[in-house]
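> Test case, fold it:
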Amino acid sequence: MNYPLLNVFLTMMWFFLWIIWFVLLFRVITDVFRDDSLSGWGKAGWTVFLIVLPFLGVLVYLIARGRGMGDREAARMRERESRYYTAAGLDLGRGTGQAEELGRLAELRDHGDLTAEEFERAKTKVLAA
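Residues are numbered from 1 along each chain as shown. The predicted structure follows:
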């Protein structure tokens, strides 16, 4: 039972750094495979580099392609959001009246298909169109 408080703190810190490392590694690998601008050979090369030298591979990837990771994720989220609203039957103000679109949004929110945050974002888009 002789385990000082500082050792407990250091053990917890190393454990959480280890978890953060794996999250970062999987995030980079996911970005490699989702990037449409990379060829198959490029994806294979980055994957081998990340598996053989994971620490160096992640650092080099973040330096070389890190800026685009956020842009690719934002574009993917915009595409996903537009597909969601299109599948829900919303045109976000194009071709129909704003009142009708707001009515459909309220109906979706009342049925629980949209959260309050999604409703507010869609309402803002309808009113801005």
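
> can you pull out the helices in this protein?
In the chain, the segments counted as helices under DSSP state H are 5-34, 40-52, 54-87, 98-110, 116-128.

> Tell me where the model's unsure across the protein.
By pLDDT under 70, the low-scoring segments of the chain are 1, 87-96.

> For His111, grab phi and psi.
When read as degrees, to the nearest 10, the backbone of His111 gives phi -80, psi -10.

> residues near it, how many?
Close neighbours of His111, defined as other Cβ atoms under 10 Å, add up to 8. Bear in mind the C-beta positions are built from the backbone N, C-alpha and C, glycine included.

> let's have the chain start at 312 instead
Got it, the first residue is 312 from now on, which makes the last one we talked about His422.

> OK, contacts around the residue nearest the centre of the chain?
Taking Cα atoms, centre = their mean, the centroid of the chain lies closest to Glu384, which sits 5.3 Å from it. Applying Cβ atoms under 8 Å, 6 or more residues apart in numbering, we find Glu384 in contact with Asp342.

> Can you tell me how far it is from Trp329?
As judged by Cβ to Cβ, to the nearest Å, Glu384 and Trp329 stand 24 Å apart.

> Could you do Ala385 as well?
Note on Ala385: its distance to Trp329, by Cβ to Cβ, is 29 Å.

> Leu317 too?
Distance check for Leu317 against Trp329: by Cβ to Cβ, it reads 19 Å.

> just Glu390 next, same as before
Going from Glu390 to Trp329 by Cβ to Cβ gives 34 Å.

> Same check on Arg391?
As for Arg391, its distance to Trp329 is 31 Å (criterion: Cβ to Cβ).

> Ok, Asn318 next?
Distance from Asn318 to Trp329, by Cβ to Cβ: 16 Å.

> Repeat that for Asp342.
21 Å.

> swap in Gly414?
Going from Gly414 to Trp329 by Cβ to Cβ gives 51 Å.
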